[in-house]
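In: Quick one, structure for this:
(2 chains)
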Amino acid sequence: DIQMTQSPSSLSASGGDRVTITCRASQDISKSLAWYQQKPGKAPKFLLFAASRLESGVPSRFSGSGSGTDYTLTISSLQPEDFATYYCQQYYTTPLTFGGGTKVEIK
Amino acid sequence: QVQLQESGPGLVKPSETLSLTCTVSPYSINSAYYWGWIRQSPGRGLEWIGSIYHSGSTYYNPSLKSRVTISIDMSKNQFSLKLSSVTAADTAVYYCARGRFTYGFSEYYFDYWGQGTLVTVSS
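Out: Residues are numbered from 1 along each chain as shown, chains lettered A, B, ... in the order given. Prediction:
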């Protein structure tokens, strides 16, 4: 199985801050990476695919980058509604696997 | 807007079979997408259980394959999960979701999710 490791596991930030979350795969996944946002008690919400392609309707302050084994999700200016937990998922091969999550908290 | 809704018992006894159904609306399940089950627990995080393609082909996580069956009912626009011989370790929130693939990639991600249903395994 491909292991997905996210860092940090949590971070504290203020509104307006630029936030970067990292996801590392245990092998090259050729940009087969999606990002999700999850708020307490809710299902994950799909944000990006192919490492950097924003889903329709997702604010442009979200962006993704990376290749090979290393990927990042960046929020350019943190908004109140962005405080949540973020997950990456590889879809290079089955079994599909998710990262452990990064919780973005209010400083 | 695709909507998915999980339904099924919230409490299952150890060694019994967990059964859940996902109803999709208003989108037809008979379309070129995968329909998947994912679960989430504090100990295991998000775990892909398996998926079914509209053709009926199934794909399971090897870690659960011996206990999982996913099926599809086009007439009801539903797909279902059965997980046999459950233990406390199967206690989790179970989600159904639509899997979307894009040209040039091998597998798929999940673009629409149900709200999730908590299933507790306990006697």
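
In: hey, what's the residue nearest the centre of chain B bridged with?
Out: For chain B, the residue nearest the mean C-alpha position is B:Trp37 (2.0 Å; C-alpha atoms, centre = their mean). As for beta bridges, B:Trp37 partners with B:Gly50, B:Cys96 under DSSP bridges.

In: That one and chain A, how far apart?
Out: 11 Å (C-beta to the nearest C-beta, to the nearest Å). In short, each C-beta sits where N, CA and C put it, glycine included.

In: quick one: contacts for that residue?
Out: B:Leu20, B:Cys22, B:Trp48, B:Ile49, B:Gly50, B:Ser51, B:Ile70, B:Leu81, B:Tyr94, B:Tyr95, B:Cys96, B:Ala97 (C-beta atoms under 8 Å, 6 or more residues apart in numbering or on different chains).

In: And for B:Leu11?
Out: Contacts of B:Leu11 by C-beta under 8 Å, 6+ apart are B:Val119, B:Thr120, B:Val121, B:Ser122.

In: Compare the residues you listed and tell me which has the most neighbours.
Out: B:Val119 (23 neighbours; other C-beta atoms under 10 Å in any protein chain shown).

In: Within the sheet, what are the partner strands of the helix or strand containing that one, with directions?
Out: According to DSSP states H and E, B:Val119 maps onto strand B:117-121. Take DSSP bridges as the rule and strand B:117-121 pairs in its sheet with strand B:11-12 (parallel), strand B:92-100 (antiparallel).

In: Columns mean pLDDT on top of those strands, output as JSON lines?
Out: Formatted as JSON lines, these follow (pLDDT from 0 to 100):
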{"stretch": "strand B:11-12", "mean pLDDT": "98"}
{"stretch": "strand B:92-100", "mean pLDDT": "98"}
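
In: Same list (those strands) but as JSON lines, adding distance to A:Leu48.
Out: Formatted as JSON lines, the strands paired with strand B:117-121 follow (distance: least, C-beta to C-beta, whole Å):
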{"stretch": "strand B:11-12", "distance to A:Leu48": "35"}
{"stretch": "strand B:92-100", "distance to A:Leu48": "13"}
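
In: which one of those lies closest to A:Glu55?
Out: Among those, the nearest to A:Glu55 by C-beta to C-beta is strand B:92-100 (9.8 Å).

In: distance of B:His54 from B:Ile72?
Out: 7 Å (C-beta to C-beta, to the nearest Å).

In: swap that for A:Pro8, please
Out: The value you get for A:Pro8 to B:Ile72, if C-beta to C-beta is used, is 40 Å.

In: So between those two, which is more surrounded?
Out: B:Ile72 (20 against 12).

In: Can you read off the pLDDT for A:Thr94?
Out: At A:Thr94, the predicted lDDT confidence score is 95.

In: Would you map the strands across chain B?
Out: Assigned by DSSP state E, chain B shows strands spanning B:3-7, B:11-12, B:18-25, B:34-41, B:45-53, B:58-60, B:68-73, B:78-83, B:92-100, B:109-113, B:117-121.

In: The first one versus strand B:109-113: what angle between them?
Out: For strand B:3-7 against strand B:109-113, the angle by axes from the mean of the first three to the mean of the last three C-alpha atoms, to 10 degrees is 80 degrees.

In: May I have the strands that pair with strand B:3-7, each with its orientation?
Out: Applying DSSP bridges, one finds strand B:3-7 paired with strand B:18-25 (antiparallel).

In: tell me the average confidence for the strand it pairs with?
Out: Mean predicted confidence for strand B:18-25 is 98.

In: Not counting it itself, show me its contacts.
Out: B:2-9, B:12, B:35, B:37, B:76-84, B:86, B:90, B:94, B:96, B:98, B:114, B:117, B:119, B:121.
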